[in-house]
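Enquirer: Provided below for reference: sequence and predicted model.
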Amino acid sequence: MKPYIHLNSAMTADGKIATSNSSLQISSKDDLIRVHKLRCKYDGIMVGINTVLIDDPKLTIHKIDAKKEDNPTRIIIDSKARTPLNARVLNDDADSVIVVSKKAPEDRVDKLKNMCNVIVAGEDQIDLPLAMSKLYDMGILSILLEGGSTLNFSMLKDKLVDKLSVCVGSKILGGFDSKTLVDGEGFNPSECINLKIENIEKIDDDILVEYRIIYEN
Ligand SMILES: NC(=O)c1ccc[n+]([C@@H]2O[C@H](COP(=O)([O-])OP(=O)(O)OC[C@H]3O[C@@H](n4cnc5c(N)ncnc54)[C@H](OP(=O)(O)O)[C@@H]3O)[C@@H](O)[C@H]2O)c1
């Protein structure tokens, strides 16, 4: 069994979610409030290690009134246990789970284990279906996936994402090296993922589009 997984992201009108090495405020204040309300509805909130290293996000509900226990469990996909010990995702505001692979250095894993829950899934990179199954068994039945581009690709490739919502901000970033909503190796045209629009909403100068994901071509 796997958790229900909702990928939520903000991208520019040209499909970028960040520059190559820094984050960027793409959507409006009202969209950020929407995201924080969304976080309240999920058992877990998940990102890839690069997002932690670049953005140092808190991954808590802090833009609306919320109790500490409303915070979802923070999940970091981090095969080599590179999460810095002073990263904000390891603060006391919420529980955290770091998912590492068998390749992770033992000393790093031991240090992380003093600060949060660490689970192992995969030999080299994280085996995402196995990780999702382990998280489900831990009681994490729903996850809000918040990127970045590389993890988004792998999660879609493994057909683990159930719903996608994209807030298209009124900005253009351009750039060869900028991150897009989904990077990774990409899909063959015959294997690309089809989407079905479920809802469209204007939020300030942004457009929120919610899709159901259709994996069968
Ligand atoms: N606009 C938005 O909504 C938004 C949201 C989130 C992030 N971002 C941006 O996205 C950027 C980071 O994206 P990113 O693509 O560089 O990195 P990422 O997706 O955050 O993290 C990717 C890393 O996760 C680890 N990983 C382990 N197993 C994996 C697997 N099976 N599949 C995929 N990844 C796996 C790998 O590092 P190891 O090999 O070391 O484990 C991989 O390099 C940041 O600049 C951030 O600002 C934007």
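Expert: Great, that's in hand.
Enquirer: can you list the residues of this protein near the ligand?
Expert: 9-10, 17-18, 23, 26, 47-51, 54-55, 77-80, 82, 125-126, 128, 146-151, 154, 179, 183 (Cβ under 6 Å from any ligand atom). In this view, the C-beta of every residue, glycine as well, is placed from N, C-alpha and C.
Enquirer: These in helices, which ones?
Expert: 49, 50, 51, 54, 55, 128, 149, 150, 151, 154 (DSSP state H).
Enquirer: one step back: any of the residues of the chain next to the ligand buried? List them.
Expert: 9-10, 17-18, 26, 47-51, 54-55, 77-79, 82, 126, 128, 146-151, 154, 179 (16 or more other Cβ atoms under 10 Å).
Enquirer: Show residues contacting stretch 178-195.
Expert: 9, 11, 15-20, 148-150, 152-154, 156-157, 164, 166, 211-215, 217 (Cβ atoms under 8 Å, 6 or more residues apart in numbering).
Enquirer: Now do the buried residues in it.
Expert: For stretch 178-195, by 16+ other Cβ under 10 Å, it's 178, 179, 180, 181, 182, 193.
Enquirer: Could you pull up phi and psi at the nearest residue to the third one once chain neighbours are set aside?
Expert: If you skip the residues right next to it in sequence, residue 180 has residue 15 as its closest partner in space, 4.9 Å away by Cβ to Cβ, 6 or more residues apart in numbering. For residue 15, the backbone dihedrals (degrees, to the nearest 10) come out as phi 80, psi 10.
Enquirer: Any regions of the protein where pLDDT drops low?
Expert: Residue ranges of the chain with pLDDT under 70: 217.
Enquirer: please redo it, this time with the cut-off set to 90
Expert: 20-24, 190-191, 216-217 (pLDDT under 90).
Enquirer: And the helices in it?
Expert: 29-39, 49-55, 106-113, 128-137, 149-157.
Enquirer: is it possible to export those helices to TSV including distance to residue 197?
Expert: Converted to TSV, the helices of the chain look like this (distance: least, Cβ to Cβ, whole Å):
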stretch	distance to residue 197
helix 29-39	18
helix 49-55	27
helix 106-113	40
helix 128-137	26
helix 149-157	17
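Enquirer: That'll do, ta.
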